[in-house]
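Peer 1: next input, structure requested:
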Amino acid sequence: MTTCEEIQELLEKSEIENFKYELKSSRILKNDNWKDKLAKEFVAFANRTGGKVIIGLQDEGTFDGEADYDINALKGDIDNIIHNKISPIINYNFEFLKCEGGDLTIITIEKKKDIPYAYIVKREGAEIKSRIYYIRTPHGKRLVSDSQLENLFSEKKGIKIQSPKETKLDIQLIKEYLDMIKTLHFSPKNLIPMLNRIHNQFIKISHKEDFTDNELDIFINYVEIVNNYILNKNNDLKKIILGTIRLFVLKPKFSEIIKSGNYHNFKKLYESGYNNNEITLILYTCGYFKRISTEIYKAIDQKDTDLLDIYINLLVSTKIEENKYDIIKNLRIKIENLKFDTDVNLINKIESITSCLESYQ
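Peer 2: Here you go, the predicted structure:
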């Protein structure tokens, strides 16, 4: 049970919103999409440690005052959100407090006990057609990456995820493979297993933020050698190279190495018609796309849902430096011009992009 004293202690902290608390002004209840916003917050808390959404407090901790909404109606709406906008159903507790500063509604969300929770984007009857996963961070909610989602499901199965810190990069092994690749002429069939072993070695340090000079040097060596194979006709060969580069492209030191060593060949590959999640993220990080929103609008106009999936993955992986409110506004205009009976899949993709943008803090 939450008390006014607990709330007061929270307000005295320097950072009020964190892993455990999300403050919402009661004004949110007047927004058209308030139920969707709260559903996403509930999902994010449940997939992490659980937490409390407090309605009646503004971000800086100021009370709204006396509640101007129907408490019983809100309780029914919250229950409706839990049962109809989230899968599976979350365990929660609804409380209403009258504190000295004002009235508060508190929804306490329990941590997941089984499979991860998802926000339901679209359903047809009992069948869920589209869903999105969120997780709580110290700065709010954000979409779950593919690797995080795999971990969330693995936790359910009781699988122990090995900590990357327990492993060490075998620089000598990578060096020997790279020397062989450089001096001998391997066919793609023989080259792919070697690059896979190098990739598995690099995974061991992909979680790090600080790298040794030896680690940077061996990656520079890798970038120089594989650059000759980026335009190879063998798609499996390209995929493993792109997958390895993808591990590090969001890290500043490595992105500069990639930009100086591989950018031109990646650009040629992309402009030849080759496109997937990895190369789009790599080129975006290297500055190829001036405005990713322009590319999204083009894909919508062409009704290219496969390409939109790639841009959704990009938005999950990194935060774009554009005005999200302008993009969301334009996306809603795009939806208005589509036909709900024939463009359902396209509309779902646009809604997923909107959800990605809304998750940015």
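
Peer 1: confirm that Glu66 sits in a helix.
Peer 2: No. Checked against DSSP: H, G, I helix; E, B strand; the rest coil, Glu66 lies outside a helix; its state is coil.

Peer 1: mean confidence (pLDDT) on stretch 285-304, please.
Peer 2: What stretch 285-304 shows for mean pLDDT is 90.

Peer 1: what's the end-to-end length of it?
Peer 2: 23 Å (C-alpha to C-alpha, to the nearest Å).

Peer 1: how about that stretch: buried residues?
Peer 2: 285-286, 288-289, 292-293, 295-296, 299-300, 304 (16 or more other C-beta atoms under 10 Å). (Glycine included, C-beta is placed from N, CA and C.)

Peer 1: nearest to Thr137 among those residues?
Peer 2: Lowest distance from Thr137 to the buried residues of stretch 285-304 (C-beta to C-beta) belongs to Thr285, with 20.8 Å.

Peer 1: was I right about the closest one contacting Thr318?
Peer 2: Yes. Counting by C-beta atoms under 8 Å, Thr285 does reach Thr318; the two are 7.0 Å apart.

Peer 1: overlap in contacts, these two.
Peer 2: Leu250 (C-beta atoms under 8 Å, 6 or more residues apart in numbering).

Peer 1: could you pull out the helices for the stretch 201-350 of the chain?
Peer 2: 213-226, 235-246, 252-261, 263-271, 277-285, 292-301, 305-317, 324-336, 344-358 (DSSP state H, counting those that start in this stretch).

Peer 1: how about those, which one is nearest Met194?
Peer 2: helix 235-246 (9.6 Å).

Peer 1: by contact count, what packs against that closest one?
Peer 2: Under the contact criterion of 3 or more C-beta pairs under 8 Å, 6 or more residues apart in numbering; DSSP states H and E, helix 235-246 touches helix 188-203, helix 213-226, helix 277-285.

Peer 1: is it correct that Asn277 is in contact with Asn313?
Peer 2: Yes. Judged on C-beta under 8 Å, Asn277 makes contact with Asn313 at a distance of 4.3 Å.

Peer 1: how many neighbours does His207 have?
Peer 2: Using other C-beta atoms under 10 Å, His207 has 11 other residues around it.
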